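Visitor: Give me a model of this one.
(3 chains)
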Amino acid sequence: MKIFALIAVIITGGLLVFSTNEMPDWGSLASPATTHVSPRYLEKTIEETATPNAVTSVLADYRGYDTLGETTVIFTAGIVCILLLRRGKKS
Amino acid sequence: MIKQCDNVIVQSVSRFLTPFILLFALYVIAHGHYSPGGGFQGGCILGASFILSMIAYDIAEVKRRMTEKMNTVLTGVGVLIYAGIGFICLLLGANYLDYGVLAEILPVGTAKARALGTFGIEIGVGITVMAVMVSIFLNLASGGEHEEGSVE
Amino acid sequence: MIWQLDFIILIMVVICAVAAINVKDLLSSAIILGAYSFLMCLLWTGMGAVDVAFTEAAVGAGISTAFFIGAIFQTTRRTND
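Guide: Reported below is the predicted structural model:
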């Protein structure tokens, strides 16, 4: 059984490494991530939000709903941790 | 495995280091507009300072300063600040979380109002993350019974 | 990025990942995972993603190591496999 697991892992890893050839180069200006909507954010971030750090302005301003969801996920994790692990005083 | 730590080096170094960690965490939250950082990272560092005190001293010692009730309340207060700022924007006649409209109640321009709205929600995220990190470590390290003293 | 430095860090990342699985002591495993996170943080910094690197250093190396250690003290330090 172990040998099958090894073969499956090797094949999957090989496919992943093979498919990285198709990915855009690091820092490429023609990649989808840098052509669609990012240039507009980078150009307008000082003018619109007075925030030099574009990461913060995208994270908290342009994409505020995402961060609200992320905060809610953290809140839920904390509440669930209290509910599952907290034990009251021993009676 | 769980007993009061009485190593004087660990205790004095952690007592000396805690204010600097807190100051750095506040700097990370407040300076997130100009440098890497923000609410999440700053909240993690704030929580780490509490965890350092718990490891060095005692869970009871930390719980005397930061009670469990207050910690649980702070968990919700952060999300409430975030959602509340969005709701204020809604009341002022704009979309949810559209901070530009805050310029009507703040004495600044639209762009600066958006920066201030961002800062407000960073504070909310920081409070929530800090409280959640403290409560997760508290429950995880003491097995849910908070009265058992420090971790090793 | 200097490719030699990058290469060394990548090799160290692989070594840390393999060592974290193979080590018998769970406490050592948690510390090695912290070292892994710091190496990943260096890689992010080299690629210019400073915010991601900061998050990795604060969460991956700081908080999660503390959580692992807190959880390990609730169980045994030795693994069976």
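Visitor: Tell me the residue of chain A that sits nearest chain B?
Guide: Closest to chain B within chain A is residue A:78: 3.3 Å, counting by Cβ to the nearest Cβ. C-beta: built from backbone N, CA, C; applies to glycine.
Visitor: Looking at that residue now. What's its pLDDT?
Guide: Residue A:78 is assigned 92 on the pLDDT scale.
Visitor: And residue C:50, by the same measure?
Guide: Per-residue confidence (pLDDT) for residue C:50: 91.
Visitor: Now for the nearest residue to it once chain neighbours are set aside, how many residues are close by?
Guide: Once flanking residues are discounted, residue C:50 sits nearest to residue B:36: 4.2 Å by Cβ to Cβ, 6 or more residues apart in numbering or on different chains. A total of 19 residues lie near residue B:36 under the criterion other Cβ atoms under 10 Å in any protein chain shown.
Visitor: these two touch, right, residue B:36 and residue C:54?
Guide: Yes - shown here, residue B:36 and residue C:54 form a contact pair, counting by Cβ atoms under 8 Å, at 4.6 Å.
Visitor: before we move on, the earlier item: can you tell me how far the residue nearest to residue C:50 is from residue B:105?
Guide: To residue B:105, residue B:36 is 30 Å away according to Cβ to Cβ, to the nearest Å.
Visitor: do residue B:114 as well
Guide: From residue B:114 to residue B:105 the distance is 14 Å (Cβ to Cβ).
Visitor: neighbour-wise, which of those two wins?
Guide: residue B:114 (25 against 10).
Visitor: Kindly indicate whether that one is helix, strand or coil.
Guide: Assigned with DSSP: H, G, I helix; E, B strand; the rest coil, residue B:114 falls in the helix class.
Visitor: Now do the same contact list for it.
Guide: Shown in contact with residue B:114 (Cβ atoms under 8 Å, 6 or more residues apart in numbering or on different chains): A:48, A:49, A:50, A:51, A:61, B:99, B:100, B:102.
Visitor: Could you list the contact residues of chain B toward chain C?
Guide: Within chain B, the positions lying close to chain C (Cβ under 8 Å from any Cβ of the partner chain) are B:1-2, B:28, B:36-38, B:40-41, B:44-45, B:47-48, B:51, B:55, B:133, B:136-137, B:140-141, B:143, B:151-152.
Visitor: Show me which of the residues you listed are buried.
Guide: Among these, the ones that count as buried by 16 or more other Cβ atoms under 10 Å in any protein chain shown are B:2, B:28, B:36-38, B:40-41, B:44-45, B:47-48, B:51, B:55, B:133, B:136-137, B:140-141, B:143, B:151.
Visitor: Filter the residues you listed down to the ones in helices?
Guide: Mapping these onto helices (DSSP state H) picks out B:28, B:40-41, B:44-45, B:47-48, B:51, B:55, B:133, B:136-137, B:140-141.
Visitor: Quick one: those residues as a markdown table, columns for distance to chain A too.
Guide: Formatted as a markdown table, those follow (distance: Cβ to the nearest Cβ, whole Å):
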| residue | distance to chain A |
| --- | --- |
| B:28 | 11 |
| B:40 | 8 |
| B:41 | 11 |
| B:44 | 10 |
| B:45 | 15 |
| B:47 | 11 |
| B:48 | 15 |
| B:51 | 14 |
| B:55 | 18 |
| B:133 | 8 |
| B:136 | 5 |
| B:137 | 10 |
| B:140 | 7 |
| B:141 | 10 |
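Visitor: Closest one of these to residue C:41?
Guide: Closest approach to residue C:41 among those (Cβ to Cβ): residue B:41, at 11.8 Å.
Visitor: so what's the nearest residue to that closest one once chain neighbours are set aside up against?
Guide: Distance criterion Cβ to Cβ, 6+ apart; nearest residue to residue B:41, sequence neighbours excluded, is residue C:58 at 4.5 Å. Residues in contact with residue C:58 (Cβ under 8 Å, 6+ apart) are B:40, B:41, B:44, B:45, B:48.
Visitor: switch to 10 Å and redo it
Guide: Counting by Cβ atoms under 10 Å, 6 or more residues apart in numbering or on different chains, residue C:58 touches B:25, B:28, B:37, B:40-45, B:47-48, B:129, C:37, C:41, C:64.
Visitor: Model confidence score at it, please.
Guide: 91.
Visitor: And the longest helix along chain C, how far out from the chain middle?
Guide: Ranked by residue count, the top helix of chain C under DSSP H comes out as helix C:26-47. Between the centre of helix C:26-47 and the centre of its chain there are 3 Å (Cα atoms, centre = their mean, to the nearest Å).
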